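A.B. asks: show me the folded form of this:
(chains A and B)
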There are 2 protein chains.
Amino acid sequence: MGKRTLLSFSPQIKVIDATLRDGGLVNNFYFEDDFVKKLYQMNIQAGIDYMEFGYKASSEIFDKNKFGKWKFCDEKDLRDIVGNNDTDLKISVMADVGRTNIDRDIIPKDESVIDMVRVASYINTIPAALEMVENCSKKGYETAVNIMAISHANESDLQEALDLIGNSSADGVYLVDSYGSLYPEQTRKLADKYLNMGAKYNKFVGIHAHNNQQLAFANTIDAVACGVNYLDATVNSLGRGAGNCPLELLIGFLKNPKYKLHPILKFIEEEMLQLKKSGVVWGYDIPYLITGVLDRHPSGAIECIKKGRTDYANIYLELMGLE
Amino acid sequence: MGKRTLLSFSPQIKVIDATLRDGGLVNNFYFEDDFVKKLYQMNIQAGIDYMEFGYKASSEIFDKNKFGKWKFCDEKDLRDIVGNNDTDLKISVMADVGRTNIDRDIIPKDESVIDMVRVASYINTIPAALEMVENCSKKGYETAVNIMAISHANESDLQEALDLIGNSSADGVYLVDSYGSLYPEQTRKLADKYLNMGAKYNKFVGIHAHNNQQLAFANTIDAVACGVNYLDATVNSLGRGAGNCPLELLIGFLKNPKYKLHPILKFIEEEMLQLKKSGVVWGYDIPYLITGVLDRHPSGAIECIKKGRTDYANIYLELMGLE
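C.D. replies: Residues are numbered from 1 along each chain as shown, chains lettered A, B, ... in the order given. Take a look at the predicted model:
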């Protein structure tokens, strides 16, 4: 793969702000409209390439009274924020395998302000994910498959999944470190594997990292050095558990002059400090280190933090299954 | 340089707990004796190789009434904690160029519990640092030179400094990212440069990273992959500004079974949470991101945080020199 230098920049790089989508997993998608509008403006000013608003979840599976609107991303709610979105910022949504009524809820692209549909799938549901991809692709959307929990996949299964995606209509594929357990050395090896597939089938490769071991930013920029082009990040790391690659660090790193750090810092001081004060809890903490080191889903850590537990040594033994 | 795998471990790796020494820069070295004793016990239980207690600062230059005892590390104060230190944990102190009365304050090794003296120097004071190294080396100590602010040194100066150190009695040399501005790619290149010198002159190479861009841990483990053996870390990142490589993440990563995470987690819950509650302020925050991205000394960021400023966008413009 072509190695990049730190002083140059690649116009192929695209930054996806996943603040609402991954952040919605923390507060059940209850964001104030004003917050969402300001985030949208921030992304435009900062030169961000995509803003992911949330999920296209099925209202038969999830009760609309129990989640904020960005769990569902109805066309009307999107348009209330972005109008016809006559900007360079593209709009993305995520659709989970088995949780999306794709025939009903994904309308033809020419009737929608959405540009990209990203399908999130575990490795064992890739065929179902690709059925969704074909559906969205035919309707005119950019599409990608986010293979989650990649640290638990074995190498031959991953290769098979990548080849299936390669032969599909998907425009791209994401390396997703759901458990924040990957070390940069592992990320670089995986990125090379994905990029080989991408080169063979002409697909973009992206990365979505979690910060359980304070490695989300490091894993992301090491993937960039390998040639990965689509980069997920969230403002202030907002996201499930330990959160994601901080957008402010990523934009500080990228050398393309179209990216601006100032609007992001402004948004942090005006909105994110307030969100944190309001009681929304996320970000690196010792229990996430523990699930990260153990390569486990962060749910156990999230539970401990909700309960206010700080008996870290016991939590470690419990999560290892020794107590 | 020999590349390491993630599953093996190298017995040559040594972990230095710099919690008191770098942490002392946050609270003027005012640690309770009980805290220090528990930290010493924690290091023994966790299999840590060295504990750095503080500085050997000159009492002619620094007023003993204005700093805690670990700014000076008098032999008596050390022995109050460690007795004769009949353990496998070695004891280290730091001596700054121009701030140490080395003839008076560094006694012969066979009269001291100290094992290693690390001399901290900017690149332009390496000759003075090496004079101190020869002095300490003759007295029987292990010695190392910590070249600070390496991100501001040019390549030919650095090569000259490394060759001077190579030809000295120093046992080792440290790559110090004082401003937390190095990206892993740069760290790997610098590590290779240091390791070439180390191989030529038979010196160990160490790393001391700061967390301004959440890269202290990533830079440290990437240096390990290159072959760097002496690793600085601090409990909970305690240290100046954004702090250091977190010891708990490093020990979670290292595969040598002699290292134990449990006592460190226990110490965090019993001591560090309390230290934080008591008002000692450290760790990653947006102003440190800004000085890190700008490759500046963190003093400007520390000032902003002391004042409680959260106008990050203005801080960014100010620190860039635009306002």
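
A.B. asks: contact partners for the residue in chain A that chain B sits nearest to?
C.D. replies: Closest residue of chain A to chain B, CB to the nearest CB: residue A:218 (3.2 Å). Using the backbone N, CA and C atoms, a C-beta is placed for each residue, glycine as well. Neighbouring residues of residue A:218 by CB atoms under 8 Å, 6 or more residues apart in numbering or on different chains: A:184, B:184, B:214-215, B:217-219.

A.B. asks: OK, contacts around residue A:243?
C.D. replies: Each residue near residue A:243 by CB under 8 Å, 6+ apart is listed here: A:22, A:210-211, A:216, A:234, A:236-237, A:282-284.

A.B. asks: quick one: pLDDT of the residue nearest to it when sequence neighbours are not counted?
C.D. replies: Leaving aside its sequence neighbours, residue A:243 sits nearest to residue A:237 (CB to CB, 6 or more residues apart in numbering or on different chains; 3.3 Å). pLDDT for residue A:237: 98.

A.B. asks: same question, the one 3 residues further on
C.D. replies: As predicted, residue A:240 sits at a pLDDT of 96.

A.B. asks: for chain A, what spans make up the strands?
C.D. replies: Ranges of strands within chain A are A:14-17, A:50-55, A:90-96, A:116-121, A:142-147, A:172-176, A:204-208, A:230-233, based on DSSP state E.

A.B. asks: do you know which of those lies nearest residue B:309?
C.D. replies: strand A:230-233 (24.5 Å; CB to CB).

A.B. asks: strand partners of that closest one, parallel vs antiparallel please.
C.D. replies: strand A:14-17 (parallel), strand A:204-208 (parallel) (DSSP bridges).

A.B. asks: now do the longest one and strand A:172-176, the angle between them.
C.D. replies: Comparing the axes of strand A:204-208 and strand A:172-176 via axes from the mean of the first three to the mean of the last three CA atoms, to 10 degrees yields an angle of 20 degrees.

A.B. asks: tell me which parts of the stretch 101-250 of chain A are close to chain B?
C.D. replies: Residues of the stretch 101-250 of chain A found near chain B (CB under 8 Å from any CB of the partner chain) are A:183-186, A:211, A:213-219, A:221-222, A:225, A:246, A:248-249.

A.B. asks: burial of residue A:6, as a residue count?
C.D. replies: 14 (other CB atoms under 10 Å in any protein chain shown).

A.B. asks: equivalent analysis for residue A:108, please.
C.D. replies: By other CB under 10 Å, the residues close to residue A:108 number 10.

A.B. asks: tell me the phi and psi of it?
C.D. replies: Reported as degrees, to the nearest 10, the phi and psi values for residue A:108 are phi -60, psi 140.

A.B. asks: could you do residue A:60 as well?
C.D. replies: According to degrees, to the nearest 10, residue A:60 has phi -80, psi -30.

A.B. asks: and what of residue A:29?
C.D. replies: Residue A:29 adopts backbone torsions of phi 70, psi 20, taken as degrees, to the nearest 10.

A.B. asks: shouldn't it be in contact with residue A:70?
C.D. replies: Yes - when contacts are counted by CB atoms under 8 Å, residue A:29 is listed as touching residue A:70 (4.2 Å).

A.B. asks: identify the contacts common to the two.
C.D. replies: Residues touching both residue A:29 and residue A:70 (CB under 8 Å, 6+ apart) are A:20, A:54-55.

A.B. asks: turn these into CSV, including distance to chain B, pLDDT and neighbour count.
C.D. replies: Shown next, in CSV, are the shared contacts of residue A:29 and residue A:70 (distance: CB to the nearest CB, whole Å; pLDDT from 0 to 100; neighbours: other CB atoms under 10 Å in any protein chain shown):
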residue, distance to chain B, pLDDT, neighbour count
A:20, 20, 98, 26
A:54, 26, 98, 27
A:55, 27, 98, 25
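
A.B. asks: I figured residue A:49 hits residue A:92, correct?
C.D. replies: No - under the criterion of CB under 8 Å, residue A:49 makes no contact with residue A:92, lying 9.5 Å away.

A.B. asks: which of the two has more neighbours?
C.D. replies: For residue A:49 versus residue A:92, neighbours defined as other CB under 10 Å are more numerous around residue A:92 (25 against 19).

A.B. asks: domains in chain A, as residue ranges please.
C.D. replies: The record assigns chain A these domain ranges, following automatic domain parsing: A:14-277, A:286-320.

A.B. asks: would you list those in a markdown table and tack on distance to residue B:10?
C.D. replies: A markdown table is the format used below for the domains of chain A (distance: least, CB to CB, whole Å):
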| stretch | distance to residue B:10 |
| --- | --- |
| domain A:14-277 | 15 |
| domain A:286-320 | 19 |
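
A.B. asks: so which of those domains gets nearest residue B:196?
C.D. replies: Among those, domain A:14-277 sits nearest to residue B:196 (CB to CB), with 20.9 Å.

A.B. asks: may I have the distance across that closest one, first residue to last?
C.D. replies: Start to finish, the residues bounding domain A:14-277 are 31 Å apart (CA to CA, to the nearest Å).

A.B. asks: about what we covered before: more crowded one of residue A:29 and residue A:70?
C.D. replies: residue A:70 (26 against 23).
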